[in-house]
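Undergrad: Here's my sequence, what's the structure:
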Amino acid sequence: MLVDTTSPLFLSLDLAGAFAFALNGALTAIRLTRLDIVGVVTLGMCTALGGGILRDILLGALPPATFSDWRYLTVAAVGGLIAFLFGRGLDRLNTPILVLDAAGLSLFAVSGALKGLDHGVGFAQAVILGTITAVGGGTLRDVLIREIPSVLTSGLYAIPALVGALVVVSADAWGVAQVPAALVAAGACFSIRMIGVRFDISAPTPPGTARGA
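TA: Below is the predicted model of the structure:
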């Protein structure tokens with residue numbers, strides 16, 4: 001098996017994803033809500049850790065990594081605190097929120113799929129786990145601020161995560177080295193997500209309906 005979830009690469013992907021999503025969640029709280037420091041940091045931590053906790057529960061990897069490795073909670077808390085302290089200084093929060101969201105989506109799609117493979121799940125199951133890991137934190141964030149989850153409404157949100165997870169799982173099946181496979185998969189997910197945002201491309205809707213109707 002190519003995958004080693006104790007490797008520095010896997011830990012780096014997971015922690016980088018947590019940091020990106022923590023910043024994203026906290027900046028979203030600053031932009032859309034009127035929360036104090038506890039609320040902002042908490043929303044950042046929920047965004048950062050929600051997908052990974054769900055992934056580990058589905059895999060039976062208990063307790064989840066969040067609660068067995070102090071680095072996850074620390075990285076998430078630091079990310080939320082940084083956003084709280086410096087987020088108001090940004091002239092426009094929308095762009096950094098979108099970029100951080102795409103970064104977290106990409107990193108978690110890859111790390112979630114890799115952890116699924118490490119636990120011996122099948123090809124399709126690993127892809128699904130990668131997608132769940134990627135969209136879980138953002139979904140929890142949106143629910144907590146009483147927004148319709150991005151995964152249900154946003155153009156090309158779950159699809160990039162699926163593509164990223166599919167690329168890294170396929171690379172593992174073909175025996176491709178782990179580092180380049182992870183980089184290509186994360187890059188593909190990030191690029192598709194940002195292209196969708198840039199050109200307002202959305203996933204197909206049922207015939208005869210309009211998005212947002």
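
Undergrad: C-alpha only now, for contacts and for neighbours.
TA: OK.

Undergrad: next SSE after the helix or strand bottoming out on mean pLDDT in the chain?
TA: None of the helices or strands of the chain scores lower by mean pLDDT, DSSP states H and E than helix 150-153, at a mean of 78. Downstream of helix 150-153, the next assigned helix or strand under DSSP states H and E is helix 158-173.

Undergrad: Can you list the buried residues in that following helix?
TA: Applying a neighbour-count criterion of 16 or more other CA atoms under 10 Å, one finds 158-172 buried in helix 158-173.

Undergrad: Kindly report the same for stretch 127-146.
TA: Here stretch 127-146 shows 127-142 as buried, counting by 16+ other CA under 10 Å.

Undergrad: So which of the residues you listed is the closest to F10?
TA: Within the buried residues of stretch 127-146, the smallest distance to F10 is 12.9 Å, found for G130 (CA to CA).

Undergrad: mind listing the strands for this protein?
TA: Assignment of strands within the chain using DSSP state E yields no ranges at all.

Undergrad: Now do the helices in it.
TA: 8-32, 37-59, 65-68, 70-86, 94-118, 123-144, 150-153, 158-173, 178-198 (DSSP state H).

Undergrad: circling back: I'd like to know which elements the least confident helix or strand of the chain is packed against.
TA: Counting by 3 or more CA pairs under 8 Å, 6 or more residues apart in numbering; DSSP states H and E, the packing neighbours recorded for helix 150-153 are helix 123-144.

Undergrad: Show me what the mean pLDDT comes to for the helix it packs on.
TA: Mean per-residue pLDDT for helix 123-144: 93.

Undergrad: helices or strands up against it?
TA: Counting contacts by 3+ CA pairs under 8 Å, 6+ apart, helix 123-144 packs against helix 8-32, helix 37-59, helix 94-118, helix 150-153, helix 158-173.

Undergrad: Right, I'll call it a day here.
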